[in-house]
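K.L.:
build me a model:
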Amino acid sequence: MSTLSERVDRLGRAFQELAHTAQDRLESALEVGSKKIDLLGLKRSVDRETRALGELTLQHLRGAPPPGTSLADDPSVRVVVDRLAALEKEVATLEADIQAARHRAAGRGPGPDQPSSTPRS
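P.N.:
A predicted model of the protein is given here:
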């Protein structure tokens with residue numbers, strides 16, 4: 001039979017573990033929220049670049065380009081397309097980070113491709 005002090009110690013350790021778990025989940029949830037805000041900013045940039053590409057396309061179509069020229073050959077179009085590609089990669093990376101953070105926030109440990117965290121002392 002355990003003594004009162006052993007029970008109190010066990011209960012103290014259980015509360016400490018619960019506090020660490022709650023802290024870890026809160027930190028993960030805050031990370032998810034922060035990354036979602038970053039994602040909104042990136043998506044706004046994608047929208048801006050897409051609009052710029054549409055404007056360049058409209059200008060090209062209205063301007064009756066010389067025969068043999070292509071919209072794809074226009075250097076300003078190439079710049080916008082390259083920026084869009086880079087932004088889309090950033091969006092994909094950030095969405096994967098959000099999924100990993102959600103996985104951690106749900107208490108299932110690190111995300112699928114994330115190393116396990118070191119235990120607390």
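K.L.:
by contact count, what packs against the helix or strand Glu90 falls within?
P.N.:
Using DSSP states H and E, Glu90 maps to helix 75-105. Packing partners of helix 75-105 (3 or more Cβ pairs under 8 Å, 6 or more residues apart in numbering; DSSP states H and E): helix 4-62. Bear in mind the C-beta positions are built from the backbone N, C-alpha and C, glycine included.
K.L.:
now find how far off-centre the helix it packs on is within its chain.
P.N.:
Distance of helix 4-62 from the chain centroid (Cα atoms, centre = their mean, to the nearest Å) equals 7 Å.
K.L.:
mean confidence score for that helix?
P.N.:
Rounded to a whole number, the mean pLDDT of helix 4-62 is 91.
K.L.:
over to stretch 71-78?
P.N.:
Rounded to a whole number, the mean pLDDT of stretch 71-78 is 86.
K.L.:
of all residues in this protein, which one is nearest the centre?
P.N.:
Centrality entry for the chain: nearest residue to the mean C-alpha point is Leu94, 2.5 Å, by Cα atoms, centre = their mean.
K.L.:
can I assume that one is in contact with Ile37?
P.N.:
No - because the distance of 10.4 Å does not satisfy Cβ atoms under 8 Å, Leu94 is recorded as not touching Ile37.
K.L.:
what is in contact with these two at once?
P.N.:
Both Leu94 and Ile37 lack any common contact, where contact means Cβ atoms under 8 Å, 6 or more residues apart in numbering.
K.L.:
give me the pLDDT value at the spatially closest residue to Ser45 that is not a sequence neighbour.
P.N.:
Computed as Cβ to Cβ, 6 or more residues apart in numbering, the closest residue to Ser45 that is not its neighbour in sequence is Leu87, at 5.5 Å. Leu87 is assigned 96 on the pLDDT scale.
K.L.:
now do Ala92
P.N.:
96.
K.L.:
how close does it get to Ala22?
P.N.:
For Ala92, the distance to Ala22 under the criterion Cβ to Cβ, to the nearest Å works out to 31 Å.
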